[in-house]
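*Asks:* My questions are about this predicted structure, shown below with the sequence.
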Amino acid sequence: MTTEAIGTRSTPIGARTAVLAYLAVSGVVLLLMMLFGATMRLAQAQWISLDPTWFYIILTMHGAGMVGIAGLSGAAVMWYFVGRYVPVSTAVFLANLGFFLVGAVLILGSGFIGGFAAAWTFLFPLPAHSGSLWSINAAACYLFGLISIGVGFLLLHLDIVRGILSVYGGLGAGLGFKQGFGLAPEDTGPPPAVAASTMVAIVNIVGIVFGAAILVMSLVNLYVPSFTFNALVAKNMIYLFGHIFINATIYMAVIAVYEILPRYTHRAWKTNWAFYLAWVMSTLMVLTVYPHHLLMDFAMPTWALVAGQIISWLSGLPVLLVTAFGALTNTYRSGLKWDAASGLVFLGVAGWAIGVIPAILDGTIAINSVMHNTQWVPGHFHTYLLLGMIAMMLGFMTWLGGAKSPLGLAPVGFWLYLVGGSIFVLAFLSAGSASVPRRYAVHLQAWLPYDEIGSIGACLAIAGVAILVVRFLAGLRSAAAGGDDSVR
Amino acid sequence: MIQDVVWGVSIVLMGSLALVFAWVAAGADISLPDYGPAIASAYRLRGWLFAAAVIVLIAANWRTLAELPYVSAATPAPGATVVPVDAVGEQWDWMVTPNAFKVGQTAEFHVSSKDVNHGFALYDPGMRIVAQVQAMPGYTNILRYTFTQPGTYHVLCLEYCGVNHHNMKTDIDVAAQ
Ligand code: HEM
Ligand SMILES: [Cu+2]
Ligand SMILES: [Cu+2]
């Protein structure tokens, strides 16, 4: 088949408009949630005063909102490109956006009207134990919001699976399983966008099923308090779901790298056996690594936690040695001319690879003992989300929206975002190594310098992202008319 | 402290990786006349990197898995005095009894929760975490820690448990031997 980056199907105007709608919603919510983030950081620095009740509501909204738009914008990248290789339904794609918006309204209402603040991870039994700060109904509203978003994604993945099956005949073939194990020639494998979409469909469907189960159980518990269940089982289910969902956003967004970078470097993305093996292994590891969130739950079977540590380490190999290495070799002396879009997708790979390092260290039991639930954790995940996943998504946005508009301030936006974002994540990491807890509305005096530096970084990063997003929104009309860009 | 080692290692590794990306980005606008030899040596390099990664991976896991904090592994040193301690979390207080010790004593914390999940984190007098364990309703988790310096240790809650989470603290006094 093909190692070429350019698919055979074109993207119809309606589909393109739908993708732009996803990106517009994502961009606006992203900026709003970043402002929430900055509000928390400034409050921790004691540069603004914010009631702890509001801090925790905003924390909950920021977590859920960011994870939500990471999923939404990742889905836009995935759907746009996989649709060039397999038939997909625009109606289902739009239905997902509808479910998302309903969920978003429910979640925002639960927080800003109902005061719900049990964090986006709704760890059982906290939703039912608010200390009278939020009502049962507010908690239910939040849980229903998540269910709505989950249903939308389930439909979307099922539709993509249908498309993949119709062309490749099986999920193993869509993933490039045989090529990964040398059972079929490398050049007969699926294109990267299809392999990635297959992987994401598999893991997200599993994750959403577990997520839906624990959401429903938590809902019943709200109204029938005598219906309780084991807190450790609940935590396992929540982190299985949460870990998979947030990781899947990166595996969706990375398709932008596979598809966009080669158009600049004029070198096809090499899909050899190592590439397919990496995706097969990532599928298995994303499904099984979640116990690294429970390393401090001594009641867990030790073997599961030891496996969590070892799989955490192993899961770095595909990222670093296949995707990061692939992007580096694809770019190396390719004669490419940098612009905001190529710069952003390249940065996305760097941010992902670099963020994996502190994450793996934290997945080590002996280290987790002194780092768990410190700001080391937001430190590492903001590195691969803010500077990884979001960079890939912004690269896609800039590329798709900017076909005709001049670059203008985009390079300024890029540098503000890169420099500010780096300062922001390093402030979290260093605070974490100094034992500053995460999710604290009020910090000790000794911790304020980290918060101050982090606040400055956050503001710079937001200014940069605002430039990129506003530029995209301003060019939406011409981007919608831009038609098929497969010729770019 | 472990934290400082981890921070140092992270900065070196993250910085090196960032430099590699920056180097490739900076030279990207130069065009190689022939990509073939470059990609061939890149794949050889990847083989070496893979081998190196496997060695680091095995060594690091071997070394770190030898010192698990779980009580099955953390048997007290022979001759140490082990003091059983009850540590119960409840929105938004810790009840730790007894809460006075001597340097060299091993406290065996029996950590539990009466309502939601809390995180029992032990901070030394310099406010660095030295050990932690989750406090989960329905479970009693056992954490052993041997005090090494006199002064006031602190217990902070490290699992988000509602609006007063950041105020859920208590002190532990450790006297010199
Ligand atoms: C400049 C942009 C951003 C700022 C200023 C910001 C700020 C923050 C702050 C202050 C926290 C709480 C830290 C603590 O526990 O003490 C936080 C948590 C979090 N952030 Fe961000 N953030 C930003 C971007 C993002 C992005 C892009 C994502 C994901 C795509 C994200 C996802 C999260 C998540 C999942 C949490 C955890 C919430 C929780 O602990 O329940 N953030 N962020
Ligand atoms: Cu995880
Ligand atoms: Cu707490």
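*Replies:* Nice, I can see it. Ligands and ions are numbered 1, 2, ... in the order given.
*Asks:* C-terminal to the helix or strand of chain B with the lowest mean pLDDT, what's the next element?
*Replies:* Between all helices and strands in chain B, the lowest mean by mean pLDDT, DSSP states H and E belongs to helix B:35-65, at a mean of 91. Tracing the chain past helix B:35-65, the next element assigned as helix or strand by DSSP states H and E is strand B:82-90.
*Asks:* Now do the domain split for chain B, please.
*Replies:* Under the assignment automatic domain parsing, the domains of chain B span B:2-65, B:82-175.
*Asks:* and the helix or strand containing A:G395, how far from the chain's centre?
*Replies:* Using DSSP H and E, A:G395 sits within helix A:390-401. Centre-to-centre, helix A:390-401 and its host chain are 14 Å apart (Cα atoms, centre = their mean, to the nearest Å).
*Asks:* Now stretch B:69-86: average pLDDT?
*Replies:* Averaged over stretch B:69-86, pLDDT sits at 77.
*Asks:* State the distance spanning the first to the last residue of it.
*Replies:* Start-to-end span of stretch B:69-86 (Cα to Cα, to the nearest Å) is 18 Å.
*Asks:* buried residues in the helix or strand harbouring A:L101?
*Replies:* For A:L101, the host element (DSSP H and E) is helix A:90-112. For helix A:90-112, burial by neighbour count (16 or more other Cβ atoms under 10 Å in any protein chain shown) applies to A:90, A:92-97, A:99-100, A:102-104, A:106-108, A:110-111. Any C-beta I mention is one placed from the backbone N, CA and C, and that applies to glycine too.
*Asks:* what's the answer for stretch B:143-160, then?
*Replies:* Buried, per 16+ other Cβ under 10 Å, within stretch B:143-160: B:143-147, B:153-160.
*Asks:* where are the low-confidence patches of chain A?
*Replies:* Applying pLDDT under 70 to chain A flags residues A:1-8, A:403-407, A:482-488.
*Asks:* centroid residue for it?
*Replies:* A:T249 (3.4 Å; Cα atoms, centre = their mean).
*Asks:* and that residue, what element?
*Replies:* Here A:T249 is assigned to helix A:231-265, by DSSP H and E.
*Asks:* by contact count, what packs against that helix?
*Replies:* When contacts are defined as 3 or more Cβ pairs under 8 Å, 6 or more residues apart in numbering or on different chains; DSSP states H and E, helix A:231-265 packs onto helix A:52-82, helix A:192-223, helix A:273-288, helix A:325-331, helix A:340-362, helix A:390-401.
*Asks:* would a markdown table of these with mean neighbour count and distance to ligand 3 be doable?
*Replies:* Listed next are the helices and strands packed on helix A:231-265 as a markdown table, based on neighbours: other Cβ atoms under 10 Å in any protein chain shown; distance: least, Cβ to the ion, whole Å:
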| stretch | mean neighbour count | distance to ligand 3 |
| --- | --- | --- |
| helix A:52-82 | 24 | 11 |
| helix A:192-223 | 22 | 19 |
| helix A:273-288 | 20 | 29 |
| helix A:325-331 | 23 | 40 |
| helix A:340-362 | 25 | 19 |
| helix A:390-401 | 29 | 29 |
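*Asks:* Take these and lay them out in CSV including distance to ligand 1.
*Replies:* Formatted as CSV, the helices and strands packed on helix A:231-265 follow (distance: least, Cβ to the nearest ligand atom, whole Å):
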stretch, distance to ligand 1
helix A:52-82, 3
helix A:192-223, 15
helix A:273-288, 17
helix A:325-331, 20
helix A:340-362, 11
helix A:390-401, 5
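*Asks:* OK, contacts around the closest residue to A:T398 other than its chain neighbours?
*Replies:* Excluding its sequence neighbours, the residue lying closest to A:T398 (Cβ to Cβ, 6 or more residues apart in numbering or on different chains) is A:A341, at 4.2 Å. Residues in contact with A:A341 (Cβ atoms under 8 Å, 6 or more residues apart in numbering or on different chains) are A:260, A:395-396, A:398-399, A:402.
*Asks:* Which two of those have the greatest separation?
*Replies:* Farthest pair in the contacts of A:A341 (Cβ to Cβ) is A:I260 and A:G402. Separation: 11.7 Å.
*Asks:* what about these two, which has more around it?
*Replies:* With neighbours defined as other Cβ atoms under 10 Å in any protein chain shown, A:I260 and A:G402 compare such that A:I260 has more, 26 against 22.
*Asks:* List the residues that contact the more buried one.
*Replies:* Residues counted as contacts of A:I260 (Cβ under 8 Å, 6+ apart) are A:341-342, A:345, A:395-396, A:399.
*Asks:* what's the answer for B:Q177, then?
*Replies:* So B:Q177 contacts B:102-104 (Cβ under 8 Å, 6+ apart).
*Asks:* residues in contact with the closest residue to A:F36 other than its chain neighbours?
*Replies:* Spatial nearest neighbour of A:F36, excluding adjacent residues (Cβ to Cβ, 6+ apart): A:H62 at 4.4 Å. Neighbouring residues of A:H62 by Cβ under 8 Å, 6+ apart: A:33, A:36-37, A:40.
*Asks:* Redo the helices and strands packed on helix A:231-265 as TSV? Include distance to A:L155.
*Replies:* Shown next, in TSV, are these (distance: least, Cβ to Cβ, whole Å):
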stretch	distance to A:L155
helix A:52-82	11
helix A:192-223	10
helix A:273-288	21
helix A:325-331	32
helix A:340-362	27
helix A:390-401	21
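*Asks:* I'd like to know which of these lies nearest to B:I11.
*Replies:* Short answer: helix A:340-362, nearest of the helices and strands packed on helix A:231-265 by Cβ to Cβ, at 9.5 Å.
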